[in-house]
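Q: 3D, please:
(chains A, B and C)
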Amino acid sequence: MPELPEVETTRRGIEPHLLRQTIKKVILRQTRLRWPVPRNLNQKLAGQPVLALQRRGKYLLVTTPRGSLILHLGMSGSIRILPANTPPEKHDHLDIVLTNGQCLRFRDPRRFGAVLFTSADPLQHKLLRHLGPEPLSRAFNGKYLYEESRGRKVAVKLFIMNSKVVVGVGNIYASEALFLAGIHPKRISGRLTLERYDKLARAIKKVLRAAIRQGGTTLRDFTATDGKPGYFRQKLNVYGRAGQPCNVCSTPIRQITLGQRSSYYCPHCQK
DNA sequence: AATCGCGCCTGACGGC
DNA sequence: TGCCGTCAGGCGCGAT
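A: Numbering: from 1, shown residues only, chains lettered A, B, ... in the order given. Below is the predicted model:
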């Protein structure tokens, strides 16, 4: 499922194919995604050159002179670059056809993803305006987490998965980062010390960087733009490993539910 | 203000 | 073989 590393892998994969290319047309086959996809995308984007390909959190931003396309992969979305005449398959909802004969194809079986358009600064869009810092930026560090968490009673795992606190940390990497930092996922966020948040911020950066290096994590359906899966799965310490021995101490990994989501941790290494 | 639970949606999988 | 129930989950939103 796409978290920040998968989205960044996608961004890097499509950027060389899109930058400075011209959009010939937009083919929309399915408008019912998380929010209705605007039907006038072709009118807005046809003839427009692609000026920039950015990522903010898990959102991808395709900027043209007339406005920006805002893409979100939800949890089953993927983007590929293909020859424009490749026949679409069942869940291929959108094509951005380029004048060079290639096209960007958006696929999303579960349709939790999003395709939106804004004529204004996409970073000021309602969905992006209130997002927290990028986890790989300098603004994101232990001091920030410590200060932001004071007075909060929510569990630390849910705290770091809150996109208003920090973007891009989803269920997989939250569990993995907490393991690396030696922190129990249920610890109350407002009671953790600065020292522990220092360790956690470093762990988040470390796990996200490593995952980007590996091309993301493929569990079911994530593939990079070239169709290859991510290889980070082999490096997971706790996620999806309930009952299996901890890589550090051999204690069986435990699975609990936190905020209606599966969490995995080592009861010996994480306190 | 912070937190919690809901609902969107399909595919994989296990049981019968 | 096929059907059915369960689970997976990002994240905005409404309720508390």
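
Q: tally up the residues packed near A:His268, please.
A: For A:His268, the neighbour count with other Cβ atoms under 10 Å is 15. To be clear about C-beta, it is placed using only N, CA and C from the backbone, and glycine gets the same treatment.

Q: how about it: what's its closest non-neighbour residue?
A: A:Thr251 (4.1 Å; Cβ to Cβ, 6 or more residues apart in numbering).

Q: so how far is DNA strand B from the one you found?
A: Distance, A:Thr251 to DNA strand B, by Cβ to the nearest atom of the strand, to the nearest Å: 25 Å.

Q: I'd say that residue and A:Tyr265 touch.
A: No - A:Thr251 sits out of contact with A:Tyr265 when judged by Cβ atoms under 8 Å, with a separation of 10.2 Å.

Q: more neighbours, these two?
A: A:Tyr265 (27 against 12).

Q: check contacts around the residue nearest to A:His268.
A: Under the criterion of Cβ atoms under 8 Å, 6 or more residues apart in numbering, the neighbours of A:Thr251 are A:Pro245, A:Cys266, A:Pro267, A:His268, A:Cys269.

Q: chain neighbours aside, what residue packs nearest to the first one?
A: This means A:Pro245. Using Cβ to Cβ, 6+ apart, the closest residue to A:Pro245 is A:Pro252 (6.3 Å).

Q: count of neighbours near that neighbour?
A: 14.

Q: same check, this time on A:Ser68
A: Around A:Ser68 there are 23 residues (other Cβ under 10 Å).

Q: nearest spatial neighbour of it, skipping sequence neighbours?
A: Per Cβ to Cβ, 6+ apart, closest to A:Ser68 is A:Pro122, 4.0 Å.

Q: repeat for A:Cys266
A: For A:Cys266, the spatially nearest residue (Cβ to Cβ, 6+ apart) is A:Cys246, at 4.2 Å.

Q: and whatever residue of the stretch 101-250 of chain A ends up closest to DNA strand C, what's its pLDDT?
A: As assessed by Cβ to the nearest atom of the strand, DNA strand C sits closest to A:Asn171 within the stretch 101-250 of chain A, at 3.5 Å. Per-residue confidence (pLDDT) for A:Asn171: 90.

Q: which residues touch it?
A: Residues in contact with A:Asn171 (Cβ under 8 Å, 6+ apart) are A:Met1, A:Glu3, A:Met161, A:Tyr239, A:Arg261, A:Ser262, A:Ser263.

Q: could you do A:Ile188 as well?
A: A:Arg152, A:Lys153, A:Val154, A:Ala155, A:Val156.

Q: where does chain A have low pLDDT?
A: Filtered on pLDDT under 70, chain A yields the residue ranges A:1, A:216-234.

Q: can you give me the helices for the stretch 151-271 of chain A?
A: A:156-160, A:171-181, A:194-213 (DSSP state H, counting those that start in this stretch).

Q: let me have these in JSON lines, extended by distance to A:Ile256.
A: Converted to JSON lines, the helices of the stretch 151-271 of chain A look like this (distance: least, Cβ to Cβ, whole Å):
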{"stretch": "helix A:156-160", "distance to A:Ile256": "10"}
{"stretch": "helix A:171-181", "distance to A:Ile256": "10"}
{"stretch": "helix A:194-213", "distance to A:Ile256": "18"}
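
Q: quick one: which of those is nearest DNA strand B?
A: helix A:156-160 (5.7 Å).

Q: how about residues contacting stretch A:37-44?
A: Against stretch A:37-44 from outside (Cβ under 8 Å, 6+ apart): A:25-28, A:30-31, A:66-67, A:69, A:93-94, A:115-117.

Q: if we use 10 Å, what do you get?
A: A:23-31, A:64, A:66-67, A:69, A:93-94, A:96-97, A:106, A:113-119 (Cβ atoms under 10 Å, 6 or more residues apart in numbering).

Q: ok so, going back, give the PyMOL command for selecting the buried subset of the contacts of A:Thr251.
A: Buried members of those, defined by 16 or more other Cβ atoms under 10 Å, are picked up in PyMOL with:
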select buried, chain A and resi 266+269
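
Q: distance to DNA strand B added to the contacts of A:Thr251, as CSV?
A: CSV is the format used below for the contacts of A:Thr251 (distance: Cβ to the nearest atom of the strand, whole Å):
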residue, distance to DNA strand B
A:Pro245, 21
A:Cys266, 23
A:Pro267, 21
A:His268, 26
A:Cys269, 24
